[in-house]
Every structure is written in structure tokens, then in C-alpha cells.
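**Student:** Need the 3D shape of this:
(2 chains)
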Amino acid sequence: MNHNKQQSSDGGHDDDAALSDFLASLMDYTPTIPDELVEHFLAKTGFQSPDLRLTRLVAVATQKFIAEVASDALQQCKARQATVVRDKRDKQQKDKRLVLTMEDLSRALHEHGVNVKHQEYFADSPSIGMDSASRDE
Amino acid sequence: MKAKFPSKPKTHLHLHQEEPQNPSEFSFAIARIAVSQICQPMGYKATQLSALNALTVVATKYLEAIAKSASSLANTSNRTQSNLLDLTLALHHLVTLHTSSLFSISSSGGGIIRDLADFVSFNDGIPFAKPIPGPQITSIPSWASSSSSHVPKWLPRFPGSVISCSVNERKCGERLWEDLVLGGGGTVWS
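**Tutor:** Residues are numbered from 1 along each chain as shown, chains lettered A, B, ... in the order given. Prediction:
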């Protein structure tokens, strides 16, 4: 604990400098989520701050989260396509097209603590889907 | 303040949806465009509409969660305006929740800001695709021109001719008291 305290006091100046540099760089960086939208949601929840850098910080944090979720879903999608190719099916090369599906997204979000469950497809009778599957095999 | 409702949002996905009818749908449509812009540079060529909507809902709820915890932290410290420390602690709570491994957070607590700084320096900013129309403030008619002195001048007039048009005239020329006194929203009753 003492060692940690000494480290924090010595590195405090560096941290402050890095923090102020980061906040200054936020004004150059344009987050994808526009400032007006972020301010709308912040006002909706009671977050008040006259500082624009804080709104940019929130926008960047949200963007980082969405980017992480999307990249996880992308990895799921690519992993699924790799297994499909290995099965040696005589299909057209549709696997080059990456599509964000609900299945990949729910798996990616589950790792981040968000549970998303999408509705299954409801058919009229239980034998509708089974005929095409047996035909493929 | 009224918000001007735009035409249907044009993204590269060619969504065929109705126009937003209220401010929450409007903000949701904008958020959906922003989320699709974040996902596009990853390599996605297409998306399921339900998946994009779900991701947008998650994004808005994440944003609201950060703001809510930051504002509550500020309020517990007898402040109404949040500062950087509130925001950092709020992010700390969220990141601790949505990652399963606790040892990924550094002990100093500034690790999250460092992650964000790395994210900012690593990625180029992607500006939002379309300009957002500001809210249209139409001129509000006030009571300044009216002769009734009991009404303060800074109050807006009653909307339209709602009061006068649907009034049935009774026998003996009776009219509603409101129409006589208040001017009926545009028509002057002498």
C-alpha cells in the first residue's frame, strides 16, 4: 500500500498532464455520435455540465463500447463462416459478405453483460422447416 | 420548442420506415445512423434491421446509464453539475459491470481514461453523416395586442380558433363567456 501511494504521488503530475492532453485532444476528435444527440440524452437523465469536453467523453465512451460489441460480433460471424467453409458444402461463395445478425449480436452482447433474446421464427406447422433441411443433406 | 421532423433517414442500408412522429423516435433514428456508421468500417456489408435496432437501443441505454450514475454521484456530493471525477467513477462502475474479469481494471482508477485516450489516438474520428436540423422555434403569439388587461402580456395566446369554431350559438344571441372576453384566438369580438 505504501509503495502504491508513493507511485501515485510521483506519477500524479504525469497523469494530470496526460489527462489535460487527452481532454484537449477530445476537441479535435469528432465522435461519430453527434454532440446534439449526446446532449439530448444527457439532459433526459439529468446530467448537467457546461463543459463540452465531458459530453465528448461520454460520446467517445459509448462509441468505444459499440465498437467493441461490433468487433466481437464480427469475430463470431467470421468464426461461423470458417466452420461453414470447412464443411465442404457446394454453395455459392456467399460467405464473403459479412452481415450483422441477431445471433452474433446476442452472443457478443452476452459477454458484455447485456442479455438480448430475439424471437424465433414461428411457422404454421412443425414440418415446414424440416423439409428444406433434409433436402440439403 | 418544436422539432422539425426530417424526411426518412437515408443510410446506406436504404431503410423504408415511416417518418419519426415524436422526439424520441427522432433521436432514435439519429442514433441508428450513428451506430451504423460505427459498424461500417469494421467490414460489415449488411445488417439485419432488428440487430441494428437492438444495438441502437443498447447504445442509448448505455449512454443514459453513464449519465444517470454520473449525475447521481454528483448529487450525493451536494452538487448539481457533474465533473470529470463523477464521470470517471460512473464509467468505472459500468466497465466493472460489463466486463467479466475484474483484474482488467488497473488499481489507480484512471485506467479507463487511459483506455479511452488510446481509443481516441488509435482511431480516426468519423463525423456524423448528415447535418441535424435544429429545433424550429415558431413565433409564439402573445397577449401584447389584446385589450384584456387581466392577462399578463408575456403569456401566449390560446391555440387557434378552437374555442370559437365549435361553439353552437344558443338562442337569444348568447355566446360563451370565453369567446367574449378572450377574443376567440384571432377573431375580435367587440
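
**Student:** and residue 80, how many neighbours does it have?
**Tutor:** All of this is about chain A. A:Arg80 has 13 neighbouring residues, counting by other Cβ atoms under 10 Å in any protein chain shown. (Each C-beta comes from the backbone N, C-alpha and C, glycine too.)

**Student:** My question was about chain B, not that one.
**Tutor:** Residues contacting B:Thr80 under the criterion other Cβ under 10 Å number 10.

**Student:** can you check B:Ala46 too?
**Tutor:** 11.

**Student:** what sits against it?
**Tutor:** A:Arg97, A:Leu98, A:Val99, A:Leu100, B:Leu13 (Cβ atoms under 8 Å, 6 or more residues apart in numbering or on different chains).

**Student:** Which members of those occur in helices, if any?
**Tutor:** Members of the contacts of B:Ala46 lying in helices (criterion: DSSP state H): none.

**Student:** what about the strands in chain A?
**Tutor:** A:99-100 (DSSP state E).

**Student:** Skipping its backbone neighbours, what lies nearest the residue most central in space within chain A in space?
**Tutor:** Nearest to the geometric centre of chain A sits A:Val69, at 2.2 Å (Cα atoms, centre = their mean). Leaving aside its sequence neighbours, A:Val69 sits nearest to A:Ala108 (Cβ to Cβ, 6 or more residues apart in numbering or on different chains; 5.1 Å).

**Student:** Ranking helices and strands of chain B by mean pLDDT, which lands last?
**Tutor:** helix B:162-165 (a mean of 50; mean pLDDT, DSSP states H and E).

**Student:** so which helix or strand takes in B:Arg114?
**Tutor:** Per DSSP states H and E: B:Arg114 is located in helix B:111-122.

**Student:** quick one: is that helix near chain A?
**Tutor:** Yes: applying Cβ under 8 Å from any Cβ of the partner chain, one finds helix B:111-122 in contact with chain A at B:Ile113, B:Arg114, B:Asp115, B:Leu116, B:Ala117, B:Phe119, B:Val120, B:Ser121.

**Student:** Could I get those residues in CSV, plus columns for neighbour count and pLDDT?
**Tutor:** Output for the residues of helix B:111-122 next to chain A, formatted as CSV (neighbours: other Cβ atoms under 10 Å in any protein chain shown; pLDDT from 0 to 100):
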residue, neighbour count, pLDDT
B:Ile113, 22, 74
B:Arg114, 15, 73
B:Asp115, 17, 76
B:Leu116, 19, 76
B:Ala117, 19, 77
B:Phe119, 16, 77
B:Val120, 21, 76
B:Ser121, 11, 77
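
**Student:** B:Leu81 - how many residues pack around it?
**Tutor:** That one is not Leu; residue B:81 is Gln. Using other Cβ under 10 Å, B:Gln81 has 13 other residues around it.

**Student:** Please look at it and A:Pro50 and confirm they touch.
**Tutor:** Yes: applying Cβ atoms under 8 Å as the test, B:Gln81 and A:Pro50 come out as touching, 7.0 Å apart.

**Student:** which parts of the biggest helix by length in chain A are buried?
**Tutor:** As assigned by DSSP H, the longest helix anywhere in chain A is helix A:52-86. Neighbour-count burial for helix A:52-86 flags A:53-70, A:72-74, A:76-77 (criterion: 16 or more other Cβ atoms under 10 Å in any protein chain shown).

**Student:** where does the chain dip in pLDDT?
**Tutor:** Defaulting to chain A. Low-confidence segments of chain A, defined by pLDDT under 70, are located at A:1-12, A:85-95, A:128-137.

**Student:** not what I meant, chain B
**Tutor:** In chain B, residues with pLDDT under 70: B:1-18, B:96-111, B:133-149, B:159-173, B:179, B:182-190.
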